[in-house]
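Novice: Predicted structure and sequence below. I'll ask about it afterward.
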Amino acid sequence: MSDLPQAHAFEVEGGHDVCTVRRVPGYSGREAIAVLARDIHERAFPGASFGVLHLGKIVLRAALGRFTYEEDSPEIELDTIFDLASLTKVVATTAMAMLLYQDGQLDLQQPLVEVLPEFRGNDARRERVTMEMLLAHSSGLPAYVRLFEQTANAKKLFEAALRVPLEADPDTRAEYSDIGFILLGKALERLAGTGLSEFCTRRVYGPLQMTATFFCPSPESHASIPPTVNDQSFRHRVIQGEVHDENASVLGGVAGHAGLFSNVRDLMTFSAEMLAPGSVFRPETIAIFTKRQGAPAGTSRALGWDTPSAPSQSGQFFSMRSYGHLGYTGTSLWIDAEREIAVALLTNRTWPDNQSKLIKQVRPAFHDAIMRELLKV
């Protein structure tokens, strides 16, 4: 994608952070920047990078704050790479599912036990869990289990994930599930005959020239990636340049639910393909995977993706034809198919100790500021 005019920097009003911006004429982004600057000051996160795509063009990219709260910490740059956390579920795992569906290798109605026979157990309900239910978070599996506390071995952790009991009948309750996506990632790998990372690099990131998107950053690149947590309870070190999620860490850094790293520019490229497919995805595939599910009752989920609910972390202005996802480390990606808008926000809000929850207030205010400028409301 063509880039914006040369970046310039300015002091953010009311603070000492320098904001670096690229934008097209007519898009200032100042209100959105002010939201982020205020919340950096309030320690919602030490730094952030964001981008806005409108009508097929990147109209704004900005970066502000630092890697940590220390004054001598490196500044966030426009192309800084972040731990995407659960954006992995859509930019990697769901993307792989979409392509396998296009290729005729993924049957959404296929029972999981036909792909992962080890998922069978004494509970007969497990036979009814389908690939579609995993994508829609309606399998009956729980949201999260601290499997990493049971073993530090990748093989044994996956075996433990296979044994996690259902908490509800399949397709009766929407429950966002990391466990479901750990299993989904492995099931897709078996269908494809190759790993998640290799598949996505070859079929998605390579064709789209997403050169800053990958699992398991090289050791020499770690210092250029903002740290996510000073982990004194499990790994007993600062986590920088390696996946924040503990289950994904034990799985070797490549998992269906977490582990992907990227920057705003690459997420804008991915969003452009979702809005105007042709290089990788087919329009009909995107329509199927981004449509809100009709069941279970009250669900906001599409396949892999989420859709705006009330209230929504996407704010109040994204249309009903929007879809997106959040990441635990303070990341998000929202795409409005009706208005051809995409907004990516990357932060490391988990630094230093996972305690700040201010991101829940930041995201809607930030998205509303962006949409007010774009929509003139």
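Specialist: Thanks, I have the structure now.
Novice: so where do the strands sit in the stretch 251-377 of the chain?
Specialist: Secondary structure of the stretch 251-377 of the chain (DSSP state E, counting those that start in this stretch): strands at 260-262, 322-327, 331-336, 341-347.
Novice: Quick check: which helices or strands does the longest one pack against?
Specialist: Contact analysis of strand 341-347 by 3 or more C-beta pairs under 8 Å, 6 or more residues apart in numbering; DSSP states H and E lists strand 47-54, helix 264-275, strand 331-336, helix 359-375 as its packing neighbours. For the C-beta atoms, the positions are set from N, CA and C on the backbone; glycine is no exception.
Novice: list the buried ones in stretch 22-33?
Specialist: Buried residues in stretch 22-33, counting neighbours by 16 or more other C-beta atoms under 10 Å, are found at 22-23, 27, 29-30, 32-33.
Novice: Next, the distance between the ends of it.
Specialist: Separation of the first and last residues of stretch 22-33 by C-alpha to C-alpha, to the nearest Å is 12 Å.
Novice: Residues contacting it, please?
Specialist: Here stretch 22-33 makes contact (C-beta atoms under 8 Å, 6 or more residues apart in numbering) with 3-7, 12, 19, 21, 50, 52, 57, 59-62, 64, 78, 366, 369-370, 372-374.
Novice: filter those residues to the buried ones?
Specialist: For the contacts of stretch 22-33, a burial check counting by 16+ other C-beta under 10 Å picks out 4, 12, 19, 21, 50, 52, 59-62, 64, 78, 366, 369-370, 373-374.
Novice: tell me which of the buried residues of stretch 22-33 is nearest to Trp334?
Specialist: The closest of the buried residues of stretch 22-33 to Trp334 turns out to be Ala32 (C-beta to C-beta; 13.1 Å).
Novice: is it fair to say that closest one lies in a helix?
Specialist: Yes - secondary structure of Ala32 (DSSP: H, G, I helix; E, B strand; the rest coil): part of a helix.
Novice: when you give positions from now on, start the count at 55
Specialist: Sure, I'll start numbering at 55, so the last one becomes Ala86.
Novice: Name the nearest residue to it, sequence neighbours excluded.
Specialist: In space, not counting the residues next to it along the chain, Ala86 is nearest to Ala423; the distance is 4.1 Å by C-beta to C-beta, 6 or more residues apart in numbering.
Novice: circling back: to Glu124, which of the helices and strands packed on strand 395-401 lies closest?
Specialist: Of all these, it is strand 101-108 that lies closest to Glu124, at 11.5 Å by C-beta to C-beta.
Novice: gap between Asp285 and Thr323?
Specialist: Distance from Asp285 to Thr323, counting by C-beta to C-beta, to the nearest Å: 31 Å.
Novice: Please identify which of those two sits among more neighbours.
Specialist: Ranked by neighbour count (other C-beta atoms under 10 Å), Asp285 and Thr323 place Thr323 first, with 22 against 19.
Novice: what does the model give the more buried one for pLDDT?
Specialist: For Thr323, the model assigns a pLDDT of 98.
Novice: wait, isn't it in contact with Thr265?
Specialist: No - counting by C-beta atoms under 8 Å, Thr323 stays clear of Thr265, with 9.7 Å between them.
Novice: thinking again about what came up before, out of the strands of the stretch 305-431 of the chain, the one nearest Glu125 is which?
Specialist: Closest among the strands of the stretch 305-431 of the chain, using C-beta to C-beta: strand 395-401, at 18.7 Å.
Novice: How far away from the center of its chain is that closest one?
Specialist: 10 Å (C-alpha atoms, centre = their mean, to the nearest Å).
Novice: ditto for stretch 57-77
Specialist: 25 Å.
Novice: wait, what's in contact with Gly247?
Specialist: For Gly247, the contact set (C-beta under 8 Å, 6+ apart) is empty.
Novice: so where's the stretch 305-431 of the chain uncertain?
Specialist: Applying pLDDT under 70 to the stretch 305-431 of the chain flags no residue at all.
Novice: And the pLDDT for Glu67?
Specialist: Per-residue pLDDT puts Glu67 at 65.
Novice: all helices for the chain, in order.
Specialist: 84-95, 142, 149-156, 166-169, 185-190, 208-217, 232-246, 250-254, 300-304, 318-329, 337-344, 413-429 (DSSP state H).
Novice: Need these in JSON lines (columns: distance to Gly358).
Specialist: Below are the helices of the chain laid out as JSON lines (distance: least, C-beta to C-beta, whole Å):
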{"stretch": "helix 84-95", "distance to Gly358": "27"}
{"stretch": "helix 142", "distance to Gly358": "11"}
{"stretch": "helix 149-156", "distance to Gly358": "7"}
{"stretch": "helix 166-169", "distance to Gly358": "15"}
{"stretch": "helix 185-190", "distance to Gly358": "5"}
{"stretch": "helix 208-217", "distance to Gly358": "18"}
{"stretch": "helix 232-246", "distance to Gly358": "9"}
{"stretch": "helix 250-254", "distance to Gly358": "13"}
{"stretch": "helix 300-304", "distance to Gly358": "17"}
{"stretch": "helix 318-329", "distance to Gly358": "12"}
{"stretch": "helix 337-344", "distance to Gly358": "6"}
{"stretch": "helix 413-429", "distance to Gly358": "19"}
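Novice: So which of those helices is the most surrounded?
Specialist: helix 142 (a mean of 32; mean count of other C-beta atoms under 10 Å).
Novice: And the contacts of it?
Specialist: Outside helix 142, the residues that touch it by C-beta under 8 Å, 6+ apart are 309-314, 381.
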